[in-house]
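Novice: Sequence and predicted structure are below.
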Amino acid sequence: MTTRTSFKPRPLARAMALASLPLITFASAGVSAQSNAELDQLRERVQMLESKLEGAVSTAPEASEDNPYILREGDGLKIGGTTISFGGFIKADMMYGSNGNGQRNTYSVGLPRTFASAAATDNDWKVGFSARESRFSFGTSTEGVAGHQLRTYLEMDFQQGIGAPGNEVVSNSYSPRLRQAYGNWNGWEFGQTYTTFTDLAAMPEILNQGKQAAFIYVTQPMIRYNMAVPGGKLMMALENPEDGFGTNSYDDQSYPDLTARYQIRGKHGFYSVAGLLRNLEDDASGESELAGAVSVSARIPTIGKDDIRLQYSYGALGRYMGLFTYPDVDLVAQAGGEVKALDTYGATAAYRHFWSPAWRSTVTVSHTEIVDDLTAPPAGTLSYFDSSTSAHVNLLWSAHSNLTLGLEYAYWDFGEIAGSGSNQYEQVMASAKLSF
């Protein structure tokens, strides 16, 4: 029980306080000079501390449209001459997939080939949970390195392959894996990051990490140079080559993949055109073929904060499109000792609409197809299909820039080789993304 006692000033106490005022005034006059000097010193110290803190956060790595996971300005800690930043997000997913997608924890990854395999079966809907897309990152920024700013960035997640060690029975434990690790200095970038051939600014906002059917995406080691050119920026890179298929890959390519992208950014949107040149090889026969691909993309503002995002790609896309939906070469031709690039194309259109500052939706339609004529499976592919179509629609709520909750429906259609039949897969996904 709490007892409250009211306080009322007594007449005697009031009289003593009034009588002591002259004494207090006389005493304070003697120390006023000393107090003012100490106060001035304190002001100087506070101003010095504020200037140090301002310098610490002003050079922190900033987020960009290309990489939103680099921490925003103000989230860095300056130690010596280097600003260190830390960030990432926790992403919790619940996936409900048709046709019994039984591959372990692949609901959140969303490999089109996995969906195609599930679509070809006749099972009940299955549910899965995952937090493996969660990421953490470190960034640094150092001024005055040979006259230029030096930045580094390291990012990891837990999205290992299907057969990676881990279980869903007890621990659901998975080891971190490297996503990005690169440095930037004087226009040069060294290390592992998104391929120059992809345009993240044109990527639709979709909950599933596998994105759409014509998803142009690869992260790999490279050496890249960025330069300002009339109208925008030009990027050119030598990137790690790879022309394997399925679970087989070669590590002894003779030449790196050559990529380039010209990018225009302004008040009328983001526009870019990219090119890819690669040398496809077969060690067994000693044959090789020089192949290439092109991609054009755009993100165009419409009404308010709404935008439309478009992308079209054509050529020897192989592993660069759809998380390796199709092989790099025709497997039938390779079995006969010939290296023949498998030409494909992919197109994506997406519209993002803001219902309010906190609520938004994205509708996406995407399609891929093998250009070459195929007779029957496997006929140079990794599965039974030669075309893939996806449609996504979602509703996202962001109460804060660090918190996003979402619900998404996805529909996939896989066209059978040398036939008019197709198989379908559906998925409902609920996600919570908490950034830090």
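Specialist: Thanks, I have the structure now.
Novice: Please spell out which residues along stretch 327-334 are buried.
Specialist: Neighbour-count burial for stretch 327-334 flags Pro327, Asp328, Val329, Asp330, Leu331, Ala333, Gln334 (criterion: 16 or more other CB atoms under 10 Å). Quick note: C-beta positions are derived from backbone N, CA and C, even for glycine.
Novice: Now tell me what touches it from outside.
Specialist: 243-246, 280, 282, 289, 316, 318-319, 339-342, 372, 378-382 (CB atoms under 8 Å, 6 or more residues apart in numbering).
Novice: In helices, which of the buried residues of stretch 327-334 appear?
Specialist: Of the buried residues of stretch 327-334, the ones assigned to helices by DSSP state H are Leu331, Ala333, Gln334.
Novice: With distance to Val229 added, can I get these in a markdown table?
Specialist: As requested, these are arranged in a markdown table below (distance: CB to CB, whole Å):
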| residue | distance to Val229 |
| --- | --- |
| Leu331 | 40 |
| Ala333 | 39 |
| Gln334 | 39 |
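Novice: least confident pick among the residues you listed?
Specialist: By pLDDT, Gln334 ranks lowest within these, coming in at 82.
Novice: Surely Ala430 touches Gly406?
Specialist: Yes. With contact defined as CB atoms under 8 Å, Ala430 counts as touching Gly406 (7.1 Å).
Novice: More neighbours: these two, which one.
Specialist: Gly406 (21 against 15; other CB atoms under 10 Å).
Novice: can you tell me which residues contact that one?
Specialist: Leu207, Asn394, Leu395, Leu396, Trp397, Ala430, Ser431, Ala432, Lys433.
Novice: returning to that earlier point: of all the ones in helices among the buried residues of stretch 327-334, which comes closest to Gly346?
Specialist: Nearest to Gly346 among these, counting by CB to CB, is Leu331 at 19.8 Å.
Novice: so Phe158 touches Asn172, yeah?
Specialist: No. In this structure Phe158 lies outside contact range of Asn172 using CB under 8 Å: 9.9 Å.
Novice: joint contacts of the two?
Specialist: Joint contacts of Phe158 and Asn172 (CB under 8 Å, 6+ apart) are Ala131.
Novice: neighbour count winner among the two?
Specialist: Neighbour tally, Phe158 and Asn172, criterion other CB under 10 Å: the higher count belongs to Phe158, 20 against 14.
Novice: ok so, going back, give me the buried entries from the contacts of stretch 327-334.
Specialist: Buried members of these, counted by 16+ other CB under 10 Å: 243, 245, 280, 282, 289, 316, 318-319, 339-342, 379-382.
Novice: Just the residues you listed: which are in helices?
Specialist: Using DSSP H, no member of the buried ones among the contacts of stretch 327-334 falls within helices.
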